[in-house]
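[1] Build me a model:
(chains A and B, ligands or ions: 2)
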Amino acid sequence: MSNHRIMDHPVLGKLEKTEEITFIFDGKSYTGFKGDTVASALLAHGIRQLRVQEESGNPRGIYCNIGHCFECRVTINHVEGVRSCMTPIEHNMVVESGRLQPVPFKSTEADKLPRTYAEFERGLHKEDDPHV
Amino acid sequence: MYDVVIIGAGPAGLSAAIACREWDLHVLVLDEFPKPGGRLLGQLHQEPSGEWWNGIQETNLLLEKAQKYDTDIRCGVSAYHIEKLEHGYAIHTNQGSFETENLLLATGAAESAVPVPGWTLPGVMSIGAAQVMTNVHRVKVGQKGIVVGVNVLSAAIARELQLAGVELHSMALPASNPATVQHSNPNTVMDGLVRIAHLAPSAFLRFGSKFAKASWVRRLAVKFYPKGGVKMWGMPIHIRKAILSINGNDRVESVTMCRINADGEQIPGTEENITVDFVCIAGGLYPLTELAAVIGCPFRYMEELGGHVPIHSERMETPLKGVYVAGNITGIESAKVARAQGELAGLSIAADKLKAHADLQQHVEDAVKLVATTRADATIQFHPHITDGRHKMEQAFQQTKSS
Ligand SMILES: Cc1cc2nc3c(=O)[nH]c(=O)nc-3n(C[C@H](O)[C@H](O)[C@H](O)COP(=O)(O)OP(=O)(O)OC[C@H]3O[C@@H](n4cnc5c(N)ncnc54)[C@H](O)[C@@H]3O)c2cc1C
Ligand code: FES
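    Numbering: from 1, shown residues only, chains lettered A, B, ... in the order given. Ligands and ions are numbered 1, 2, ... in the order given. Modelled structure (predicted):
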């Protein structure tokens, strides 16, 4: 499949062959083994980049690999923001990498919002402010 | 309505489930990872006796037992909120809500982040990420890498990478900045290194461990630390070198390393570039406690336990009726301790529910003792003053109860 697999391990033994599964990443077809996550199946093909930072466009890949950091979020079968390190691959799954967003997340109101709970309590917020 | 819902199918959650099923409670175990076993799955180290601690095998033993008692374990289920009901709790997850009389939080630990310039590049990952890729998914994280951060976990996982045929240049410290304080001071790191010396077949480190109590010896060892590092399993460990930055365009291409003095300050003019295609960052572990906070458990910060921890008794109960905790959510320790705590929590839940069973109380007391002896015998210890931390926590629980 690729030279990134650990087929033989001195303590864990041979990698047991399981069912091969084909899925799509950014329009191209890839195979992985049953039990792979989207992140592990892609890394087995040497693919590290899973998204770009939405505003800067800087490349990003996995960080924690166990669901804590959300650095690996991709779109899976049209659902956005899914953690690729926690999602097992399935036949014909369609995975798209995270893209640059057309509208940068900038809030011109940011200075007016309370930054701490203490500020909020002191009334540094507008009555109709939805950000509470 | 379940008798108990257990969040987390690591060693703590699974052994708790087994204990509850042995007493025929109606149990549901939830875990968001695709496979049960938690962080136990990736573990692989050699005990001083020479025997291997193989996390996959240990997980399978627990799963076989759980299956024998027909335990309902559901993976791919993330719990994101807990609500108090009149006679119990509702657990809200991405797969619907579950109502239960009792709740066991066994959510384990997370890795602390250590920011190093360039750390968002693809190819930089936490040391635990590399462990899971290597031992659970059996995928190489790269051709040649470097480990930033020297501690018990990174030393153990560096060895695991080597075993799997992944080359490491060395292990070194992160450069000193306000976010890396504990990890970038050679003296602090040396104090930690002597505690893992028994894992390292190196005369230098064994020398250190003999004098572990004498801090002047450790200071000397830092002062005269060899420039080439001290080799553990053939791989240099540098505590007088630090990583200044991780470099590359779309992915990791190199790191910049420099020499540091015994206080962790950079020695100018010693920078060198090292070609690597991956970097593992090791910042240590902290208890993963958000769900306990959501439901309103009181907390204590305890350095000895690895961070903020929900207050709990030595029977693993919290001050909230029907809410129990076990495993690394109560403090950072090895999997064997988590497993013993899980069994204890399961027995406590059964004893509180089935009050008429006199012998259950005796089982709980035996389980409390088993946790203590497992702790005393642990090969891997993350925090040196763990026993003190446990005593302080018991006091905190008694205070909370009486106030
Ligand atoms: C990355 C990493 C590597 C480690 N490596 C080692 C090692 O090599 N050796 C060692 O001795 N110790 C290691 N540890 C310490 C480890 O925490 C303990 O050894 C042991 O696994 C703790 O058991 P536990 O049952 O408390 O938690 P875990 O084994 O962490 O299990 C907790 C489970 O809870 C699940 N979970 C958490 N939150 C939710 C939620 N909201 N909804 C659903 N499920 C949830 C997680 O998916 C996980 O499977 C490591 C810890 C980490 C984080
Ligand atoms: S890599 Fe951290 S959540 Fe997936």
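
[2] rest of the way, CA atoms for contacts and neighbours
    Fine.

[3] contacting residues around the residue nearest to B:Val166 when sequence neighbours are not counted?
    The spatial neighbour of B:Val166 that comes closest, neighbours along the chain excluded (Cα to Cα, 6 or more residues apart in numbering or on different chains), is B:Gln143 at 6.1 Å. Shown in contact with B:Gln143 (Cα atoms under 8 Å, 6 or more residues apart in numbering or on different chains): B:166-167, B:276-278.

[4] neighbour-wise, which of the residues you listed leads?
    The most crowded member of the contacts of B:Gln143, judged by other Cα atoms under 10 Å in any protein chain shown, is B:Phe278 (25 neighbours).

[5] Wait, it touches B:Ser126, no?
    No. Under the criterion of Cα atoms under 8 Å, B:Phe278 makes no contact with B:Ser126, lying 10.6 Å away.

[6] Which pLDDT does the model give residue 60?
    Let's take chain A. pLDDT for A:Arg60: 98.

[7] if you could check chain B rather than the one you did, that'd help
    The model reports B:Asn60 with a pLDDT of 98.

[8] that's a helix at it, yeah?
    Yes. Counting by DSSP: H, G, I helix; E, B strand; the rest coil, B:Asn60 is part of a helix.

[9] What about it, how many residues nearby?
    B:Asn60: 14 neighbours (other Cα under 10 Å).

[10] Phi first, then psi, for the most far-flung residue of chain B relative to its centre.
    Distance to the chain centre peaks in chain B at B:Gly269, reaching 37.4 Å (criterion: Cα atoms, centre = their mean). Here is the backbone geometry of B:Gly269 (degrees, to the nearest 10): phi 80, psi 10.

[11] which parts of the stretch 201-350 of chain B sit against chain A?
    Within the stretch 201-350 of chain B, the residues that sit near chain A (Cα under 8 Å from any Cα of the partner chain) are B:250-251.

[12] How about the secondary structure of the closest residue to chain A within the stretch 201-350 of chain B?
    Residue nearest to chain A within the stretch 201-350 of chain B: B:Asp250 (6.0 Å; Cα to the nearest Cα). Put simply, B:Asp250 is coil when judged by three-state DSSP.

[13] Who does the residue lying closest to it once chain neighbours are set aside form a beta bridge with?
    For B:Asp250, ignoring the flanking residues on the chain, the nearest one in space by Cα to Cα, 6+ apart is A:Pro59 at 6.0 Å. A:Pro59 has these beta-bridge partners by DSSP bridges: A:Val52.

[14] what separates A:Pro59 from B:Gly123, distance-wise?
    Taking Cα to Cα, to the nearest Å as the measure, A:Pro59 falls 10 Å from B:Gly123.

[15] more neighbours, these two?
    Taking neighbours as other Cα under 10 Å, A:Pro59 and B:Gly123 compare with B:Gly123 leading, 29 against 20.

[16] thinking again about what came up before, list the residues that contact both of A:Pro59 and B:Gly123?
    With Cα under 8 Å, 6+ apart, A:Pro59 and B:Gly123 have common neighbours B:Arg251.

[17] Run through the residues that contact B:Asp388.
    B:Glu304.

[18] Check which helix or strand it maps to.
    Following DSSP states H and E, one finds B:Asp388 within helix B:386-402.

[19] Convert that helix to PDB, retaining C-alpha atoms only.
    The C-alpha trace of helix B:386-402 is given here as PDB (Å, rounded to 0.1, in the frame of the first residue of the first chain):
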ATOM      1  CA  ILE B 386       1.900  11.500  44.100                       C
ATOM      2  CA  THR B 387       1.200   9.900  47.500                       C
ATOM      3  CA  ASP B 388       1.200  13.300  49.300                       C
ATOM      4  CA  GLY B 389      -1.200  14.600  46.700                       C
ATOM      5  CA  ARG B 390      -3.500  11.700  47.300                       C
ATOM      6  CA  HIS B 391      -3.500  12.400  51.100                       C
ATOM      7  CA  LYS B 392      -4.200  16.100  50.500                       C
ATOM      8  CA  MET B 393      -7.100  15.200  48.300                       C
ATOM      9  CA  GLU B 394      -8.600  12.900  50.900                       C
ATOM     10  CA  GLN B 395      -8.400  15.800  53.400                       C
ATOM     11  CA  ALA B 396     -10.000  18.100  50.900                       C
ATOM     12  CA  PHE B 397     -12.900  15.700  50.500                       C
ATOM     13  CA  GLN B 398     -13.400  15.400  54.200                       C
ATOM     14  CA  GLN B 399     -13.400  19.200  54.600                       C
ATOM     15  CA  THR B 400     -15.900  19.600  51.700                       C
ATOM     16  CA  LYS B 401     -18.200  17.000  53.200                       C
ATOM     17  CA  SER B 402     -18.200  18.500  56.700                       C
END
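
[20] Buried residues in that helix, which are they?
    B:386, B:389-390, B:393-397 (16 or more other Cα atoms under 10 Å in any protein chain shown).

[21] Please apply the same query to stretch B:20-30.
    B:20-23, B:25-30.

[22] any idea which of those is closest to chain A?
    B:Leu30 (14.3 Å).

[23] ok so that closest one is a helix residue?
    No. Per three-state DSSP, B:Leu30 lies outside any helix segment and is strand.

[24] quick one: it and ligand 2, what's the gap?
    Note on B:Leu30: its distance to ligand 2, by Cα to the nearest ligand atom, to the nearest Å, is 18 Å.

[25] Tell me if I'm right that that residue and B:Thr71 touch.
    No. Between B:Leu30 and B:Thr71 there is no contact under Cα under 8 Å: 11.2 Å.

[26] If we look just around ligand 1, which residues of the stretch 101-250 of chain B are in range?
    B:106-111, B:128, B:153 (Cα under 6 Å from any ligand atom).

[27] of these, list those near chain A.
    Restricting these to those touching chain A (Cα under 8 Å from any Cα) yields B:110-111, B:128.
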